[in-house]
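[1] quick one: sequence plus predicted model below, questions after.
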Amino acid sequence: MRPHHGESLMCPSPFVIWFHHRSGSTHLSSLLDSHPAVASWGEFFYLGEAGATQDVYTRSGTPNEATFLDDFYSYRWDAGGANLTETDPEPGSFRAVGFKLKYQQAESYPGVMRYLREQPRIKVIHLVRTNLLAALVSSAMIPRLLDRYRRPNLLSSDSSGSLERTVRLDPDTLVHDLQELASRIDRARDAIAGFDSMEITYENLVDHPGVTCRSLLEFLEVDPTVDLESRYVKIMPRSIRDSLNNWPEISVAIEGTPYASMLDEER
């Protein structure tokens with residue numbers, strides 16, 4: 001008999017990765033998933049994004065978000081990936097189980113946040129990229145990556161030597177775009193108030209992976225001494241100036257704003 005909502009065979013440390021676009025969430029999820037006691041999944045609720053006509057949740061056929069997530073956190077998936085099953089599972093081998101949830105996805109699927117708020121053991125990892133300009137640069141690379149690899153990220157096994165890694169940003173809308181992203185992050189912090197949460201930055205994840213990953217694993221209550229590995233690699237050059245083919249225009253556009261120093265950071 002299937003357990004009732006809220007009293008399932010939920011794993012000891014259910015978690016969600018709460019993130020904004022191009023913050024390094026795929027890299028983080030891959031790192032966590034390399035731990036033998038952690039199952040870190042991708043996004044489930046992306047209907048409508050980039051023209052997607054369905055997502056994992058809609059394909060599952062479950063009647064609502066709560067049922068879907070009950071099944072997910074109760075280890076009800078099969079060997080084919082994020083495909084839920086109706087079969088009561090064997091006791092799970094993973095201590096921590098989680099998935100990625102983008103800010104906008106929570107707005108599109110309000111039932112997800114309602115469910116998460118009802119679960120007293122849910123842990124939220126809030127991933128933020130402090131260099132907002134770098135996030136926009138990374139976003140501008142997406143069409144090129146999709147055209148070449150049919151995905152927005154770069155695997156370590158990909159042949160990328162000839163990949164053009166400079167992009168152009170619109171100087172006329174740039175400050176507004178940066179302000180909007182900063183505001184979105186602030187609202188996202190408010191949205192997870194009351195959760196057992198931990199905020200980490202993309203920059204610390206890349207520049208100080210050992211310390212950052214250890215803190216994350218301690219937060220998830222799994223062995224923190226395990227070395228984590230990601231299947232993904234950084235897409236853009238570390239220098240933002242080297243990533244922009246119109247950086248003089250961008251420098252003028254953000255001069256005198258709180259974002260000007262981001263142009264000189266190596267991210």
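    Received the coordinates, thanks.

[2] only C-alpha atoms from now on, for both contacts and neighbour counts.
    Will do.

[3] do a quick rundown of the helices in the stretch 101-250 of the chain.
    Taking DSSP state H, counting those that start in this stretch as the criterion, the stretch 101-250 of the chain carries its helices at 103-108, 110-118, 132-140, 142-149, 174-191, 202-207, 209-219, 240-243, 247-254.

[4] what's the closest of those helices to residue 36?
    Closest of the helices of the stretch 101-250 of the chain to residue 36 is helix 209-219, at 11.5 Å (criterion: Cα to Cα).

[5] go through that closest one and flag the buried ones.
    Judged by neighbour count (16 or more other Cα atoms under 10 Å), helix 209-219 contains these buried residues: 209, 210, 212, 213, 214, 216, 217, 219.

[6] mind checking how far the second one is from residue 263?
    Which is residue 210. 26 Å (Cα to Cα, to the nearest Å).

[7] which ones are touching residue 246?
    Contacts were defined as Cα atoms under 8 Å, 6 or more residues apart in numbering; by that measure residue 246 touches 167, 168, 169.

[8] burial measure for the closest residue in space to the first one that isn't next to it in sequence, as a count.
    Looking back up the chat, that one is residue 167. The spatial neighbour of residue 167 that comes closest, neighbours along the chain excluded (Cα to Cα, 6 or more residues apart in numbering), is residue 244 at 5.1 Å. Residue 244 sits with 20 neighbouring residues when counted by other Cα atoms under 10 Å.

[9] which ones are touching residue 244?
    137, 166, 167, 168, 169.

[10] how much space is there between it and residue 24?
    According to Cα to Cα, residue 244 stands 19 Å off from residue 24.

[11] what of residue 99?
    Residue 99 is 14 Å from residue 24, where distance means Cα to Cα.

[12] ok, now residue 128?
    When Cα to Cα is the yardstick, residue 128 and residue 24 sit 8 Å from each other.

[13] and residue 126, by the same measure?
    Spatial separation of residue 126 from residue 24 under the definition Cα to Cα is 11 Å.
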